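Asks: Fold the following and give me the result.
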Amino acid sequence: MLSPGTIMNMKKLALGVALAIMLALLSLVLFQFLGSELEQDDLAAVIPEATDESPQEPDEPKEEAIIEPKGPYAPWRVLFSINVHDFLEGEQSAEALNTLIDIHETYQVPVDVYLTDPSFETYMEEAPELLERMRDSDLVSISHHVRPPSPYYSGFDWVGLKSLSESALKELLYTYETESLDPVTGEPSGELGGFFGMKEYFGYAPLAVGNTSSKVYGSVLSSVYDELGAVFASIHGRDIEFGETHGDQYARPEHAEIKIYEYPDGNAEEVIESFLQPYESREWEGLTSYTNIKIHENDLYSRGTSWLTVYYEDGSGKSIMDTPPYDLGNAYSPPKPPDWSAGILAVYEDAVRYVSGFEDRFDTINLSELAEELP
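Replies: Below is the predicted model of the structure:
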């Protein structure tokens, strides 16, 4: 005979089985009900339609353009310099300079134009509209440099500057930089010109000057330029940090000097990066560096400069200077082949385009803008 406890357990087991059977039946009814509500279009969205086509191969991964450089680089500050000095071929010189300025206006990149006094005087006579263009431009900044027959051009002291007293030297240099230069006699003309003449015309002192490193006259010339308003001195041959001084001027900052005209068949990006690469560690350290990309206006049309055959003995290059009076009729410079000229113009434009396209890395400025940052 079963005990009361056993009978109770059997009743609980039977009740549990019955509940399980009821839950199973309820689940089956719900599944059939919901399944009937799922339309065929809904199923198609879940189950892909079978096709006779072979499955497509996955697309090849696209090569992504790599923007140089990668990493937390500090920007390079880029100064473009156009050195103008061919005063004996005024028409070609003005045309070339206009072409180069066109490039800078196209890409809205600032530029420094360095004028000699003879070039400035030639433009006054033959291309006054070019001077007006530069004077009114928001992109062009004017600087000053010298060429023969100035006696303080490097290696061209036909006057004997080292024999003068400091006061006499300063008076002479001041005269040269406030009067125009006679290209035949090599002497000041008595007419307004030089550094001061450019200052009067453009409405501001040319920002940078050169030839202040001479042990004979450099310090005196620097003081003359300081009195006339020059801000920067152009020097080369070493790394120059922003804020350094040279004589009475600030040294124009420069780490990489790129003579872009030497690469008529080059790729501008590759050329520029080859000069910047040695300074990669500065970029990673967060140090801003400066590069000067330079060209001469006559690089677009002549193999040399026409004044070489006027102020130096024929065939000597720059080794044997001639003495005044000078015969301007001796001026000659072989023209460049058209493809050579086109190559130089193309690599220069590509250089301007390249740096203008990477604002996070390249800060394009001119000396007028840089002067505003000085203390």
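
Asks: Tell me where the chain has strands.
Replies: 76-83, 111-115, 140-144, 179-181, 188-192, 208-209, 232-233, 245-246, 249-251, 256-259, 289-296, 362-365 (DSSP state E).

Asks: Nearest to Gly160 among those strands would be which one?
Replies: The closest of these to Gly160 is strand 188-192. By C-beta to C-beta, the value is 16.2 Å. Where you see a C-beta, it was placed from the backbone N, CA and C, and this is true even at glycine.

Asks: contacts for that closest one?
Replies: By C-beta atoms under 8 Å, 6 or more residues apart in numbering, the residues outside strand 188-192 that reach it are Thr175, Tyr176, Thr178, Glu179, Ser180, Leu181, Asp182, Gly194, Glu200.

Asks: Give the rounded mean pLDDT of that strand.
Replies: Across strand 188-192, pLDDT averages out at 98.

Asks: In the sheet, which strands lie alongside it, parallel or antiparallel?
Replies: Taking DSSP bridges as the criterion, strand 188-192 forms sheet pairs with strand 179-181 (antiparallel).

Asks: buried ones in the partner strand?
Replies: Neighbour counts over strand 179-181 (16 or more other C-beta atoms under 10 Å) mark Glu179, Ser180, Leu181 as buried.

Asks: Tell me, how many residues neighbour Asp239?
Replies: Look at Asp239: counted by other C-beta atoms under 10 Å, it has 13 neighbours.

Asks: On the pLDDT front, check it for me.
Replies: Per-residue confidence (pLDDT) for Asp239: 96.

Asks: go on, Thr178?
Replies: pLDDT, Thr178: 98.

Asks: what's the distance between it and Gly197?
Replies: 7 Å (C-beta to C-beta, to the nearest Å).

Asks: now do Ala230
Replies: Distance from Ala230 to Gly197, by C-beta to C-beta: 14 Å.

Asks: These two: which is more packed in?
Replies: Between Ala230 and Gly197, counted using other C-beta under 10 Å, Ala230 has the larger neighbour count: 26 against 20.

Asks: Can you tell me the closest non-neighbouring residue to that one?
Replies: Nearest non-adjacent residue to Ala230, counting by C-beta to C-beta, 6 or more residues apart in numbering: Val209, 4.6 Å away.

Asks: Show me the beta-bridge partners of that neighbour.
Replies: Applying DSSP bridges, one finds that Val209 bridges with Ala233.

Asks: Neighbours of it, how many?
Replies: Applying other C-beta under 10 Å, I find that Val209 has 28 neighbouring residues.

Asks: List the residues that contact it.
Replies: Val209 makes contact with Ser143, His144, His145, Phe195, Tyr225, Ala230, Phe232, Ala233, Ser234, Gln249, according to C-beta under 8 Å, 6+ apart.

Asks: Can you give me the distance of Tyr174 to Gly193?
Replies: Between Tyr174 and Gly193 the computed distance is 13 Å (C-beta to C-beta).

Asks: What's the mean pLDDT across stretch 131-140?
Replies: Here stretch 131-140 scores 98 as its mean pLDDT.

Asks: any low-confidence regions in the stretch 1-150 of the chain?
Replies: Counting by pLDDT under 70, the stretch 1-150 of the chain shows low-confidence ranges at 1-74.

Asks: Could you rerun that using 90?
Replies: Within the stretch 1-150 of the chain, the segments meeting pLDDT under 90 span 1-75.

Asks: Please, where are all the helices along it?
Replies: 4-37, 40-46, 90-107, 117-126, 128-136 (DSSP state H, counting those that start in this stretch).

Asks: center of the protein - which residue?
Replies: Centroid-nearest residue in the chain: Val78, 3.8 Å away (criterion: C-alpha atoms, centre = their mean).

Asks: Which residues are in contact with that one?
Replies: With C-beta under 8 Å, 6+ apart, Val78 has these contacts: Tyr290, Thr291, Ile293, Val355, Phe362, Asp363, Thr364, Ile365.

Asks: Also Asn211?
Replies: His145, Val146, Tyr152, Tyr153, Ser154, Gly218, Leu221.

Asks: how near is it to His144?
Replies: Distance from Asn211 to His144, by C-beta to C-beta: 10 Å.

Asks: Between those two, which contacts overlap?
Replies: Joint contacts of Asn211 and His144 (C-beta under 8 Å, 6+ apart) do not exist.

Asks: what residue ranges in the stretch 251-375 of the chain are flagged as low confidence?
Replies: Checking the stretch 251-375 of the chain against pLDDT under 90 turns up 280-287, 304, 306, 313-319, 359-360, 375.

Asks: mind listing the helices for it?
Replies: Counting by DSSP H, counting those that start in this stretch, the stretch 251-375 of the chain has helices at residues 268-276, 280-284, 308-311, 338-356, 367-371.

Asks: for the ones you listed, which one sits closest to Val113?
Replies: When those are compared (using C-beta to C-beta), the closest one is helix 367-371, at 10.4 Å.

Asks: Quick one: distance of that closest one to the chain centre.
Replies: Offset of helix 367-371 from its chain centre (C-alpha atoms, centre = their mean, to the nearest Å): 14 Å.

Asks: Output the contacting helices and strands for it.
Replies: strand 76-83, strand 140-144, strand 232-233 (3 or more C-beta pairs under 8 Å, 6 or more residues apart in numbering; DSSP states H and E).

Asks: Can you give me the buried ones in that helix?
Replies: Of the residues in helix 367-371, those buried (16+ other C-beta under 10 Å) are Leu367, Ser368, Leu370, Ala371.

Asks: what's the answer for stretch 253-268, then?
Replies: Pro253, Glu254, His255, Ala256, Ile258, Ile260, Tyr261, Tyr263, Pro264, Gly266, Ala268.

Asks: Pull the most distant pair out of the residues you listed.
Replies: Longest span within these, C-beta to C-beta: Pro253 and Pro264, 27.8 Å.

Asks: Reformat the contacts of strand 188-192 as CSV; add distance to Asp339.
Replies: Formatted as CSV, the contacts of strand 188-192 follow (distance: C-beta to C-beta, whole Å):
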residue, distance to Asp339
Thr175, 45
Tyr176, 40
Thr178, 44
Glu179, 42
Ser180, 38
Leu181, 36
Asp182, 38
Gly194, 39
Glu200, 42
